[in-house]
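Undergrad: sequence first, predicted model second:
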Amino acid sequence: MKMVFRWFAEGHDKIPLGYIRQIPGMTGVVTSLLDVPVGEVWPLERIKKLKEEINGYGLEVEVIESVNIHEDIKLGEKSRDRYIQAYINTMKNLSEIGIKVICYNFMPVLDWARSDLKRPLQDGSNTMSYHHDYIMNINPQSLAEQFGKQSNGFELPGWEPDRLREMVLTIERYKNVDENQFWSNIKYFLDSVIPYAEKYDIKMAIHPDDPPWSIFGLPRVLTSRDNIRKFLDLNNSLYNGITLCTGSLGSNRNNDLPAIISEFAKEDRIHFAHIRNLRFESEKDFYECAHLSQCGSLDLFNIVKAFYDSGFDDYIRPDHGRMIWEETGRPGYGLYDRALGATYLHGLWEAIVKTSIGDR
Ligand code: DNO
């Protein structure tokens, strides 16, 4: 297992790499070029520079989160081949700096969604929360405006301006894409890029939909064990894998996380893990809490044990944390609570390893 930390790169993150290096057991960062418009090739010179900067702090960079997919690919438009070619060229450039995993998603128009980015908690911290009725009764532009006010000046991943500019029109375009068509658009993408993933030795790790159900009338399919199976069966290469995000899949109470982890990690189809906890407030309402099992509804011990017992040997990052100790920053991505999360995950891992010698 390699513990890594999401860092949004210079100019997009206020956390210095030097601080990340001081988190015990942290081997590297997961990053991206946020300012390259989706659909364009990531310039080799820029990613080389990014790698040098990160390596200069004694940290590795082997995982990219995310190389976003152009909407025309998701919609299955004729122009998709051009954008797929650009994607493949980006993969080639990333392979030249030693990238091993690309985390991406296939969520239409938007990426993740929350109803509040700054929900105050009783202990004086604040966090992101999701209230289903609120999301069902707000339009996406109003939600985007609210996010703009609550994000402390940061551009949120998944809510980038180039996505938002055309949001209403893009949502309209999905009216002609039913779920079957959407699945076949996914397959077309996979069959086009996975042979290159093999060639460049980069594992593709799709992120589940967050939340794992349809919102704003859009198809969202990476939501459950059965749909992950369906996704993996679309292309059987081991390079076609998933990012197991406990917060995304775990917000549907029917998803048995340890069972899902165990099934897919044993087949070596989980290449990256995002681990966070959440606390349910009702069936589909929750807030993101500290990582400890005792703070939330997910049992992090059973989750980490499922990873270990299934022979998982890839990248893990602590996912969203609360804002604590007066920190302000990118919602979900402060330094302190994620650093506490990483240390807790290391603690669980060490205890599991030392009590399981010979069992694995
Ligand atoms: C949210 C993140 C997502 C994730 C993408 C992967 O905090 O987990 O934005 O990076 O879905 O493409």
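TA: Arrived safely. Quick caveat, the model's predicted, so the values are computed rather than measured. Residues are numbered from 1 along each chain as shown.
Undergrad: roughly how far does residue 117 sit from residue 208?
TA: Relative to residue 208, residue 117 is positioned 20 Å away (Cβ to Cβ, to the nearest Å). Just so you know, the C-beta spots here come from the backbone N, C-alpha and C atoms, and that holds for glycine as well.
Undergrad: and what of residue 69?
TA: 15 Å.
Undergrad: residue 119 too?
TA: Taken as Cβ to Cβ, the span from residue 119 to residue 208 is 22 Å.
Undergrad: where does whichever residue of the stretch 151-300 of the chain sits closest to the ligand land on pLDDT?
TA: Of all residues in the stretch 151-300 of the chain, residue 207 sits closest to the ligand, at 3.7 Å by Cβ to the nearest ligand atom. For residue 207, the pLDDT comes out at 98.
Undergrad: I figured it hits residue 105, correct?
TA: Yes. Residue 207 is in contact with residue 105 according to Cβ atoms under 8 Å; the separation is 4.2 Å.
Undergrad: give me the common contacts of these two.
TA: 66, 222 (Cβ atoms under 8 Å, 6 or more residues apart in numbering).
Undergrad: ok, back up a step: looking at residue 117 and residue 208, which one has more neighbours?
TA: Between residue 117 and residue 208, residue 208 has the larger neighbour count (other Cβ atoms under 10 Å), namely 31 against 20.
Undergrad: OK, contacts around the more buried one?
TA: 222-223, 228, 242-245, 248-249.
Undergrad: from the residues you listed, which land in helices?
TA: Residues of the contacts of residue 208 located in helices (DSSP state H): 228, 248-249.
Undergrad: and stretch 64-73, end to end?
TA: Here the two ends of stretch 64-73 are set 20 Å apart, with distance taken as Cα to Cα, to the nearest Å.
Undergrad: ok, the closest residue to residue 324 other than its chain neighbours - contacts?
TA: Leaving aside its chain neighbours, residue 324 sits nearest to residue 125 (4.5 Å; criterion: Cβ to Cβ, 6 or more residues apart in numbering). Neighbouring residues of residue 125 by Cβ under 8 Å, 6+ apart: 322-324, 337.
Undergrad: state the pair within these that is farthest apart.
TA: Spatially, the most separated pair among those is 323 and 337, at 7.2 Å (Cβ to Cβ).
Undergrad: mind jotting down where the helices sit in the chain?
TA: 17-21, 44-55, 71-75, 80-96, 132-136, 140-150, 161-165, 167-173, 179-200, 225-234, 246-250, 257-266, 300-309, 336-355.
Undergrad: make JSON lines out of the ones you listed and add mean neighbour count, distance to residue 275 and mean pLDDT.
TA: Formatted as JSON lines, the helices of the chain follow (neighbours: other Cβ atoms under 10 Å; distance: least, Cβ to Cβ, whole Å; pLDDT from 0 to 100):
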{"stretch": "helix 17-21", "mean neighbour count": "17", "distance to residue 275": "17", "mean pLDDT": "98"}
{"stretch": "helix 44-55", "mean neighbour count": "15", "distance to residue 275": "22", "mean pLDDT": "98"}
{"stretch": "helix 71-75", "mean neighbour count": "22", "distance to residue 275": "27", "mean pLDDT": "96"}
{"stretch": "helix 80-96", "mean neighbour count": "18", "distance to residue 275": "24", "mean pLDDT": "98"}
{"stretch": "helix 132-136", "mean neighbour count": "14", "distance to residue 275": "23", "mean pLDDT": "96"}
{"stretch": "helix 140-150", "mean neighbour count": "15", "distance to residue 275": "24", "mean pLDDT": "88"}
{"stretch": "helix 161-165", "mean neighbour count": "14", "distance to residue 275": "26", "mean pLDDT": "74"}
{"stretch": "helix 167-173", "mean neighbour count": "15", "distance to residue 275": "30", "mean pLDDT": "88"}
{"stretch": "helix 179-200", "mean neighbour count": "17", "distance to residue 275": "24", "mean pLDDT": "98"}
{"stretch": "helix 225-234", "mean neighbour count": "16", "distance to residue 275": "17", "mean pLDDT": "98"}
{"stretch": "helix 246-250", "mean neighbour count": "25", "distance to residue 275": "5", "mean pLDDT": "98"}
{"stretch": "helix 257-266", "mean neighbour count": "19", "distance to residue 275": "10", "mean pLDDT": "98"}
{"stretch": "helix 300-309", "mean neighbour count": "21", "distance to residue 275": "7", "mean pLDDT": "98"}
{"stretch": "helix 336-355", "mean neighbour count": "18", "distance to residue 275": "6", "mean pLDDT": "98"}
